[in-house]
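# Give me coordinates for this.
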Amino acid sequence: MRCLVTGATGYIGGRLAPRLLEAGHEVRCLARSAGRLRDVPWAGRTEIVEADLSRPETLPAAFEGVDVAYFLMHSLGRPDFERLDREAAENFAAAARAAGVRRIIYLGGPEPPAHERPSAHLRSRAEVARILLDSGVPTVVLRAPVIIGSGSASFEMLRYLTERLPVMVTPRWVKNRIQPIAVRDVLRYLIGAAGLPPEVSRGFDIGGADVLTYTQMMQGYARVAGLPRRVIVPLRPLSPWLSAHWVGLITPVPNSIARPLVASLIHEAVAHENDIAELLPGPPPLGFDEAVRLALGKIRDADVETRWSTASGLNPSAEPLPSDPDWSGGSVYVDERSRPVHASAGDLWRVIEGVGGENGWYSFPLAWSVRGWLDRLAGGVGLRRGRRDAQHLRVGEALDWWRVEEIEPGTLLRLRAEMRVPGRAWLEMRAEPDGNGGSVYRQRAVFLPRGLGGHLYWASVLPFHGVVFNGMARNITRTAEASGGG
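Modelled structure (predicted):
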């Protein structure tokens, strides 16, 4: 079968596409920018079509000849995510119907009890499900609760809360029941649903082997991770809004994403039926402890396949670094530095590609940390998103408060800033051979101000550039020389 995967740059879609290929399917990926998938290991075995679900005129070519279409995108983290997801689902459904697609598959969220008012997140998921089920195309909706897997937003929340807070005051929702499911079981259901007969068109609850409260999940995580038992004290007045800010401060997940996720946890998320097991027989789903053990193993082995932050750009429509200074009316601020390096360009490149995350930014750690905290307090992503892999980067993935915009292996790394600033900012790092066995390190920071606030912002940080950027260039070159034996 030919399968169309939307959301292939995201957490689930980026894992589903290669597994569909392994199962013998042809895979076409829909992406706003084909470059976002350029560096994934399976890119050469798929067809990548540039299209945008918000622009119906771009969709016919993407859906042509497709048998099964997966709707895996969402706009969580953006203020108008409900409207964006509604319009995307309507356009997706219309395009699938017009192209004669035989099956739609959607990964949604659990349905809260009828007597409860759903959170905006779950309300949006339910609305998308209705739109797709009413499309006239046979549709399977898989309603998943918390997904346990290395790199998932829900797992990152659980992991960081448990590891960083041996004693914690928590909201009441930590006593709600949840049926967490391992990401590998979600993927098995998504792949299996492609082969269901056309008369099957409905929603299915999916879940793991265990039903737990969030408190039990945190204690279970501590047990599997070898941590002491946590002291957890539920506090009635702690509202979902306050909880989201608390999660945003403690975990890498920013408030814009933590808020809808936390708001959804006020509802119990337990499967009310298990009909999917009759239609897709297979091994029973994993229990919570085993799912956590597998996820932690991937993290410890630096083998995290996809991560929530890859799909969570704060400005997914941001344009690349403009080559023409007139783009911003002639106002472009640039800080350029270069240094000779007594090490090969290869040694220098390994240091460049390893920046950020646990390795840091090689200059004035306190300044970077303070700037990260200020960004978090302003509702930005801060520095704690880290990186997916400790050594290697891909175009499109998150790196602390940056987004990898371009990589020329061995030569160039360009990062686009996603912290909250009154303008747009980039950081470029280059490794160039000097022709004598050594190399040259070139570093360029570019800022395009927005309005008077942008100019004032640049002026306010300019005094620190000599310390931060010069120190960064000096320490990167020293590290390259030390690693290369220079």
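# Residue 476 contacts residue 361, correct?
No - taking contacts as Cβ atoms under 8 Å, residue 476 lies outside contact range of residue 361: 9.1 Å. The way it works is simple: take the backbone N, C-alpha and C, and place the C-beta from them, glycine included.
# which neighbours do the two share?
Overlap between the contact sets of residue 476 and residue 361, as judged by Cβ atoms under 8 Å, 6 or more residues apart in numbering, is given by residue 355.
# of those two, who's got more company?
residue 476 (24 against 21; other Cβ atoms under 10 Å).
# so what does the strand or helix carrying that one touch, helix or strand wise?
When secondary structure is defined using DSSP states H and E, the element that contains residue 476 is helix 451-483. Contacts defined by 3 or more Cβ pairs under 8 Å, 6 or more residues apart in numbering; DSSP states H and E place helix 451-483 against strand 333-341, helix 345-353, helix 365-377, strand 423-433, strand 439-449.
# Can you spell out which helices and strands pack onto the third one?
The criterion is 3+ Cβ pairs under 8 Å, 6+ apart, and the helices and strands that helix 365-377 contacts are helix 451-483.
# Give me the buried positions along the helix it packs on.
Taking 16 or more other Cβ atoms under 10 Å as the neighbour-count basis, helix 451-483 is seen to contain the buried residues 454-455, 457-458, 461, 468-469, 472-473, 475-481.
# relative to helix 365-377, how tilted is that helix?
Here helix 451-483 runs at 140 degrees with respect to helix 365-377, directions being taken by axes from the mean of the first three to the mean of the last three Cα atoms, to 10 degrees.
# What separation do you get for the residue located most distally from the centre of the chain and residue 471?
In the chain, the greatest distance from the average C-alpha position (Cα atoms, centre = their mean) is reached by residue 436, at 41.7 Å. When Cβ to Cβ, to the nearest Å is the yardstick, residue 436 and residue 471 sit 26 Å from each other.
# Now do the end-to-end distance for stretch 427-441.
The stretch stretch 427-441 measures 13 Å between its terminal residues, going by Cα to Cα, to the nearest Å.
# What average pLDDT does that stretch get?
In this model, stretch 427-441 has a mean pLDDT of 94.
# How about the contacts made by residue 48?
Contact criterion Cβ under 8 Å, 6+ apart gives 28-29, 31, 34, 37 as the residues in contact with residue 48.
# just for the protein, where's the confidence low?
Applying pLDDT under 70 to the chain picks out residues 77, 236-246, 248-249, 256, 263, 311-330, 378-379, 485-486.
# got the domain boundaries for it?
Taking automatic domain parsing as the reference, the chain has its domains at 2-310, 325-483.
# Just give me how far the longest one sits from the chain centre.
Right, domain 2-310. 11 Å (Cα atoms, centre = their mean, to the nearest Å).
# Skip the chain neighbours and tell me the closest residue to residue 1.
Among residues not flanking residue 1 along the chain, residue 67 sits closest, at 4.2 Å (Cβ to Cβ, 6 or more residues apart in numbering).
# My understanding was that that neighbour contacts residue 103; is that so?
Yes - counting by Cβ under 8 Å, a contact exists between residue 67 and residue 103, whose distance comes to 6.9 Å.
# Quick check, residue 204 in contact with residue 143.
Yes - in this structure, residue 204 is within contact of residue 143 by Cβ under 8 Å, at 6.7 Å.
# before we move on, what SS does the spatially closest residue to residue 135 that is not a sequence neighbour have?
Residue nearest to residue 135 in three dimensions, not counting chain neighbours: residue 93, with 3.6 Å by Cβ to Cβ, 6+ apart. With DSSP: H, G, I helix; E, B strand; the rest coil as the basis, the three-state label of residue 93 is helix.
# and the residue farthest from the centre of the chain, what element?
With elements taken from DSSP H and E, nothing contains residue 436; it lies in neither a helix nor a strand.
# Equivalent analysis for residue 233, please.
With elements taken from DSSP H and E, the one containing residue 233 is strand 231-234.
# Same question for residue 195.
Per DSSP H and E: residue 195 is located in neither a helix nor a strand.
# count of neighbours near residue 253?
Tallying neighbours of residue 253 according to other Cβ under 10 Å, which is how burial is gauged here, yields 26.
# Reduced to three states, what does it come out as?
The local conformation at residue 253, judged by three-state DSSP, is coil.
# returning to what we had before: and the residue nearest to residue 135, how many neighbours?
Per other Cβ under 10 Å, the neighbour tally for residue 93 reads 23.
# That one reaches residue 99, doesn't it?
No - at 11.1 Å, residue 93 does not count as touching residue 99 under the criterion of Cβ under 8 Å.
# ok, and the closest non-adjacent residue to residue 97?
The spatial neighbour of residue 97 that comes closest, neighbours along the chain excluded (Cβ to Cβ, 6+ apart), is residue 136 at 5.1 Å.
# Can you verify my assumption that residue 209 contacts residue 285?
Yes - in this structure, residue 209 sits in contact with residue 285. The criterion is Cβ under 8 Å, and the distance is 5.3 Å.
# In JSON lines, list the contacts of residue 48 along with distance to residue 368 and neighbour count.
What follows is the contacts of residue 48, written out as JSON lines (distance: Cβ to Cβ, whole Å; neighbours: other Cβ atoms under 10 Å):
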{"residue": "28", "distance to residue 368": "41", "neighbour count": "22"}
{"residue": "29", "distance to residue 368": "35", "neighbour count": "28"}
{"residue": "31", "distance to residue 368": "31", "neighbour count": "22"}
{"residue": "34", "distance to residue 368": "33", "neighbour count": "13"}
{"residue": "37", "distance to residue 368": "30", "neighbour count": "21"}
